[in-house]
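[1] need the 3D shape of this:
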Amino acid sequence: MSTNAPRRPRAKTGKRTFQIVASQFNSQYVQGLVDHVEKELRSLASSAAISIYRVPGSFEIPVVVRELARKKKADAIIACGVIMQGETNHAKNLSRSVTDALQRIAVDYGIPVINVVLSFNNEDQARERCLENRINRGAEAARAAVEIAGVMSKLAGK
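    Coordinates of the predicted model:
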């Protein structure tokens, strides 16, 4: 994984709507992601409307993302989850399934879906990327959401 965060975009004006779908599984780490997403969104798009939808686990994220995308009320949807590698290949299969579904939803509905459903080998990796500030993937996701919302708005002629 890269340790270099993308550059921070300039703060945006105008009303934006961001929706976060977050897993309740591995809640400490997922909440760290959500907290960083919200903080960064508030900094970059202070007038944005932010909604959070909680689901049991990462596997349930795509079905809720699909329903939100179908309604076309969000400028971007941010999917947050943490999958920890265990002794079997279940985590790898789960991660691939969720990633493929999220990408398909984004393309099919034309709504940006920022995938922050992260897979880790251990809790040290999760702590570094979900709870700490140096390479927090939640902050990076918020930056990507703001950037792509701007691109999509330009494409729509808004």
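[2] could you list the low-pLDDT ranges of this structure?
    Across the chain, residues meeting the criterion (pLDDT under 70) sit at 1-13, 158.
[3] one more time with 80
    Along the chain, the parts satisfying pLDDT under 80 run over 1-14, 86-89, 158.
[4] any chance you could map the helices in it?
    Taking DSSP state H as the test, the helices found in the chain are 27-44, 61-71, 90-109, 123-126, 137-155.
[5] rebuild the ones you listed as a markdown table, extending it with mean neighbour count and distance to Ser51.
    Yep, even glycine has a C-beta here, placed from its N, CA and C like the rest. Putting those into a markdown table (neighbours: other Cβ atoms under 10 Å; distance: least, Cβ to Cβ, whole Å) gives the following:
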| stretch | mean neighbour count | distance to Ser51 |
| --- | --- | --- |
| helix 27-44 | 20 | 11 |
| helix 61-71 | 19 | 9 |
| helix 90-109 | 15 | 17 |
| helix 123-126 | 16 | 25 |
| helix 137-155 | 20 | 13 |
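[6] make JSON lines out of the ones you listed and add distance to Val117.
    Below are the helices of the chain laid out as JSON lines (distance: least, Cβ to Cβ, whole Å):
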{"stretch": "helix 27-44", "distance to Val117": "9"}
{"stretch": "helix 61-71", "distance to Val117": "6"}
{"stretch": "helix 90-109", "distance to Val117": "5"}
{"stretch": "helix 123-126", "distance to Val117": "12"}
{"stretch": "helix 137-155", "distance to Val117": "10"}
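[7] gap between Tyr109 and Asp100?
    Separation of Tyr109 from Asp100 (Cβ to Cβ, to the nearest Å): 15 Å.
[8] what residue is smack in the middle of the chain?
    With distances taken as Cα atoms, centre = their mean, the residue of the chain nearest its centroid is Ile78 (3.1 Å).
[9] report the beta-bridge partners for that residue.
    For Ile78, the beta-bridge partners under DSSP bridges are Ile20, Ile114.
[10] all numbers from here: first residue = 44
    From this message on, residue numbering opens at 44, which makes the last subject Ile121.
[11] return the residues in contact with it.
    Phe61, Gln62, Ile63, Val64, Val80, Val156, Ile157, Val159, Ala184, Ala185, Ala188 (Cβ atoms under 8 Å, 6 or more residues apart in numbering).
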